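A.B. asks: pasting the structure only:
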């Protein structure tokens, strides 16, 4: 089981959970701003351009705030590219970049992807669409697989054995790099600086002077550079070295780092059931509202939990899936029907993955400002969201 990367409740320790309907994601605008300031500082000190990864966090009601601090978006295909241009950096603004990567592209999508994107990244030198993209005038990049597995779990490790993500570094030769203006690799997941440094050293050792031919190098995402213990000085030094030595523009694509510790998932206790252990049954669902809890798996931190003593409950989800559980938690007092609970660090990879399996309602989305205490319910979902996904 992967460890939670939550840095604690922060300002949410003071938030009244009764202020929002349940289930509900609550995002702290001020914490987002704090993370964005750190990212902009990294960019200014190193010369890197910082793009938000929409696959992790695409709350477009905060697009204006994000636009103040970052240099563009990275998209994972046509729909995210549309979202980037419609809501975040629309239209193609001077100085802002939309970088699009997909393991493969549909032919019917290419013309629109060409029109939307500035950088278009391909999964191999033989990938479909490269010639068309070059003719369309895009800056074309190649994603490589450095073949250095440093991830905590193979499911989240693009360098895992027989990975379909990126062209194997051991196969790259100079002829295959002709025509590519950029190089891209994304190998990290919620990691500190050292895995990036080790990865770069291998890439540099293998490609050597071939790196001089590129206009830009994209170091991908997975960098937890807004976490308190992240070696930001090391990151700045590495980016500066790459930029100066190879005369390239360096890009980073953080997603989690934008929204780290900036959101909670609030739910209500619907019932208490005593089996072998005490179960608190919630209107939340790990399966539907925070799928990585099941997929990783990991145990998310809970607001107000205690390590010892207290009362132990298994916090169960609202679906019929046996595995739909957040795990075991200790609380200082007994839970009762109607009590509220909140899981921490639930802004990234939650809203973007939420679903209506088993007819479980989608959480509302609320925006809170921990500095002013302003609270807005941005979106509420009803039965139509479930109905319209079906036929």
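C.D. replies: Noted; the coordinates are in hand. As the structure is a prediction and not an experimental result, all values here were calculated from the model.
A.B. asks: So in this structure, which helix runs the longest?
C.D. replies: When the chain is parsed with DSSP state H, its longest helix is helix 29-46.
A.B. asks: That helix packs against which elements?
C.D. replies: In terms of contacts (3 or more Cβ pairs under 8 Å, 6 or more residues apart in numbering; DSSP states H and E), helix 29-46 is packed against strand 49-53, helix 63-69, helix 232-246, strand 249-252, helix 256-259. Quick note: C-beta positions are derived from backbone N, CA and C, even for glycine.
A.B. asks: okay, the angle between the first one and helix 29-46?
C.D. replies: In this structure, strand 49-53 runs at an angle of 150 degrees to helix 29-46, with axes from the mean of the first three to the mean of the last three Cα atoms, to 10 degrees as the basis.
A.B. asks: can you start the count at 54 instead of 1 from here on
C.D. replies: Understood, numbering begins at 54; the last thing we discussed is strand 102-106.
A.B. asks: name the helices or strands packed onto strand 102-106?
C.D. replies: Going by 3+ Cβ pairs under 8 Å, 6+ apart, strand 102-106 lies up against helix 82-99, strand 125-128, strand 150-154, strand 302-305.
A.B. asks: That one pairs with which strands, and in what direction?
C.D. replies: Strand pairing for strand 102-106, using DSSP bridges, gives strand 125-128 (parallel), strand 302-305 (parallel).
A.B. asks: Surely residue 418 forms part of a strand?
C.D. replies: Yes. Secondary structure of residue 418, determined by DSSP: H, G, I helix; E, B strand; the rest coil: located in a strand.
A.B. asks: what about it, distance to residue 126?
C.D. replies: Between residue 418 and residue 126 the distance is 19 Å, computed by Cβ to Cβ, to the nearest Å.
A.B. asks: More neighbours: these two, which one.
C.D. replies: Per other Cβ atoms under 10 Å, whichever of residue 418 and residue 126 has more neighbours is residue 126, with 28 against 22.
A.B. asks: Reduced to three states, what does the closest residue to the more buried one other than its chain neighbours come out as?
C.D. replies: If the residues on either side of it in the chain are set aside, residue 126 comes closest to residue 137, at 4.0 Å by Cβ to Cβ, 6 or more residues apart in numbering. Judged by three-state DSSP, the three-state class of residue 137 is helix.
A.B. asks: Please tell me how far the closest residue to residue 290 other than its chain neighbours sits from residue 93.
C.D. replies: Closest residue to residue 290 in three dimensions, ignoring its sequence neighbours and counting by Cβ to Cβ, 6+ apart: residue 99, at 8.0 Å. Per Cβ to Cβ, residue 99 is found 11 Å from residue 93.
A.B. asks: Now do the buried residues in the strand or helix carrying residue 319.
C.D. replies: Using DSSP states H and E, residue 319 sits within strand 316-327. Going by neighbour count (16 or more other Cβ atoms under 10 Å), the buried part of strand 316-327 is 316-323.
A.B. asks: Would you mind listing where the stretch 104-253 of the chain has pLDDT under the threshold?
C.D. replies: 144-147 (pLDDT under 70).
A.B. asks: in it, which spans are helices?
C.D. replies: 116-122, 131-136, 163-169, 183-188, 227-230, 246-260 (DSSP state H, counting those that start in this stretch).
A.B. asks: and residue 280, which of these is closest to it?
C.D. replies: Judged by Cβ to Cβ, the one of the helices of the stretch 104-253 of the chain that comes nearest to residue 280 is helix 246-260, at 10.4 Å.
A.B. asks: From the rest of the structure, what touches that closest one?
C.D. replies: Residues outside helix 246-260 that contact it (Cβ atoms under 8 Å, 6 or more residues apart in numbering): 197, 199-201, 203, 222-223, 225, 236, 238, 240-241, 264, 272, 276, 278, 283-285, 287-288, 291, 295.
A.B. asks: quick one: that helix to helix 285-299, angle?
C.D. replies: Our comparison of helix 246-260 with helix 285-299, counting by the same axes, to 10 degrees, yields an angle of 20 degrees.
A.B. asks: Helix or strand next in line after helix 246-260, which one?
C.D. replies: Past helix 246-260, further along toward the C-terminus, the next helix or strand under DSSP H and E is strand 269-271.
A.B. asks: Mind listing the strands that following strand pairs with, and their directions?
C.D. replies: Taking DSSP bridges as the criterion, strand 269-271 sits next to strand 235-237 (parallel), strand 302-305 (parallel) in its sheet.
A.B. asks: tell me, what residue is most central in this structure?
C.D. replies: The central residue of the chain, meaning the one whose C-alpha is nearest the mean C-alpha position (Cα atoms, centre = their mean), is residue 109 at 2.5 Å.
A.B. asks: Next up, the contacts around it.
C.D. replies: 274, 308-309, 311-312, 401-402, 405.
A.B. asks: quick one: which of those residues has the most company?
C.D. replies: Neighbour counts for the contacts of residue 109 were taken using other Cβ under 10 Å; the highest belongs to residue 312, with 29 neighbours.
A.B. asks: ok, now which ones touch that residue?
C.D. replies: Residues in contact with residue 312 (Cβ under 8 Å, 6+ apart) are 80, 85, 88, 109-110, 112, 400-401.
A.B. asks: again, 10 Å this time
C.D. replies: Residues in contact with residue 312, defined by Cβ atoms under 10 Å, 6 or more residues apart in numbering, are 80-81, 84-85, 88-89, 105, 109-112, 115, 279, 398-404.
A.B. asks: Is the residue nearest to residue 290 in contact with residue 302, as I believe?
C.D. replies: No. Contact between residue 99 and residue 302 fails when scored by Cβ atoms under 10 Å: they sit 11.1 Å apart.
A.B. asks: Give me the common contacts of the two.
C.D. replies: 295-296.
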